[in-house]
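A.B. asks: need a structure here:
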Amino acid sequence: MIKQVIVAAAAAMLCAGVNAASYKDGTYEGQGQGNASQITVQVQVKGGKVASVKVVKHGETAMLVGAAEKKLAKQIVANNGTEGVNVVTGASNSSKGIIAAVNQALAKAK
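C.D. replies: You can find the predicted model right below:
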């Protein structure tokens with residue numbers, strides 16, 4: 001019985017570590033296609049984790065990108081990446097562009 005508990009605990013720890021991506025510290029840029037233009041983001045990594053996400057250039061509707069940036073940045077920092085992050089209703093294409101740009105930036109941080 002104790003052996004089974006130890007094996008289960010070890011398996012749980014391994015699974016928890018699978019989703020915890022670690023990145024090289026620094027600031028990285030990436031681009032993704034929004035609704036009307038390319039969206040450029042800056043992703044800052046500190047301590048191996050995503051610390052911030054900022055849209056630095058776009059040609060989209062400012063209100064939509066602003067709303068998407070605010071909501072997505074919180075989710076991306078909390079998730080340490082884009083896995084499990086949902087697009088923002090009403091700004092789907094801008095959200096997808098931001099997510100793609102973050103993925104490109106984080107690929108540089110690996």
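A.B. asks: which residues of the chain fall in helices?
C.D. replies: Here the chain has its helices, by DSSP state H, at 2-18, 62-79, 92-108.
A.B. asks: pLDDT value on the nearest residue to residue 99 once chain neighbours are set aside, please?
C.D. replies: Sequence neighbours aside, residue 82 is the residue nearest to residue 99 in space, at 5.0 Å (criterion: C-beta to C-beta, 6 or more residues apart in numbering). Every residue, glycine included, has its C-beta placed from N, CA and C. Predicted confidence (pLDDT) for residue 82: 98.
A.B. asks: show the contacting residues for residue 82.
C.D. replies: Going by C-beta atoms under 8 Å, 6 or more residues apart in numbering, residue 82 touches 76, 99, 102, 103, 106.
A.B. asks: so what's the closest residue to residue 33 other than its chain neighbours up against?
C.D. replies: Counting by C-beta to C-beta, 6+ apart, residue 97 is the residue found nearest to residue 33 once chain neighbours are left out, at 5.3 Å. Applying C-beta under 8 Å, 6+ apart to residue 97 gives the contacts 32, 33, 34, 35, 38, 39, 58, 60.
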